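Peer 1: Starting from these lines, generate the structure:
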Amino acid sequence: MTLQELGDRSGVSVGYLSQVERDNATPTLGTLEQIASALGVSVGYFIVRPSPSDSITRAADRPRFSVSGSSIVYEQLGADFPGHELTSYILHVPPGYQSETVSHEGEEIIFILEGQITQVVDGQEFHMREGDSLHYLGNRPHSWSNSADMPARILFAGRMMFGASSRKSAPRPALATERTSEAG
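Peer 2: Next up is the predicted model:
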């Protein structure tokens with residue numbers, strides 16, 4: 001498949017896909033979901049996710065990971081069990097971070113635990129501080145940034161399917177994650 005075909009199928013620009021391919025850009029989970037959907041695989045094809053054996057996550061033992069090359073640390077809240085549809089994370093966002101603009105199926109809700117971010121949905125800016133929340137459909141173009149000089153922590157919950165795919169046994173590409181056991 002060419003980059004143009006992947007771009008057409010995923011809704012991600014060819015230029016950005018080229019940057020990702022050359023390891024000059026690191027996509028968010030939302031963008032990986034778009035790419036995975038276009039390729040007919042799950043996001044799990046691109047990343048190795050922690051897999052808790054039960055449905056409780058303890059603060060001290062909560063799995064943390066990041067997409068290789070990204071400065072965002074994802075703290076997994078929800079469990080990965082058959083039939084699950086809800087995905088939830090605490091995102092640890094460093095100062096100066098800016099995401100790419102994405103759109104995808106599903107919906108998202110974010111809640112600012114600490115710090116502040118600017119969320120853009122369909123061209124409308126929302127300046128959000130601790131305690132603010134926003135709920136929106138994922139098919140509306142959206143992006144966000146932390147332009148403050150302090151880190152932010154965001155509670156994310158949404159419907160992003162990371163389940164099994166028909167290519168489960170395929171080798172995983174270079175995008176990997178790391179797991180840390182630090183509590184935050």
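
Peer 1: When you work out contacts or count neighbours from here on, use the C-alpha atoms and nothing else.
Peer 2: Will do.

Peer 1: What residues sit buried inside the helix or strand containing Gly30?
Peer 2: In this assignment (DSSP states H and E), Gly30 forms part of helix 29-39. Within helix 29-39, the residues that count as buried by 16 or more other CA atoms under 10 Å are 29-38.

Peer 1: Helix, strand or coil: sort out the residue lying closest to Ile109 once chain neighbours are set aside for me.
Peer 2: The shortest distance from Ile109 to any non-neighbouring residue, by CA to CA, 6 or more residues apart in numbering, is to His135 (4.2 Å). At His135 the chain is in strand, as set by DSSP: H, G, I helix; E, B strand; the rest coil.

Peer 1: close enough to count as contact, His135 and Ile110?
Peer 2: Yes. His135 lies in contact with Ile110 (CA atoms under 8 Å); the separation is 6.6 Å.

Peer 1: Asn146 touches Pro94, doesn't it?
Peer 2: Yes. Using CA under 8 Å, Asn146 makes contact with Pro94 at a distance of 7.2 Å.

Peer 1: sorry, back to before: looking at His135 and Ile110, which has the bigger crowd around it?
Peer 2: Ile110 (21 against 12; other CA atoms under 10 Å).

Peer 1: The helix or strand bottoming out on mean pLDDT in the chain: what's the following helix or strand?
Peer 2: The weakest-scoring helix or strand in the chain, judged by mean pLDDT, DSSP states H and E, is strand 64-65 (a mean of 84). For strand 64-65, the following helix or strand on the C-terminal side (DSSP H and E) is strand 73-76.
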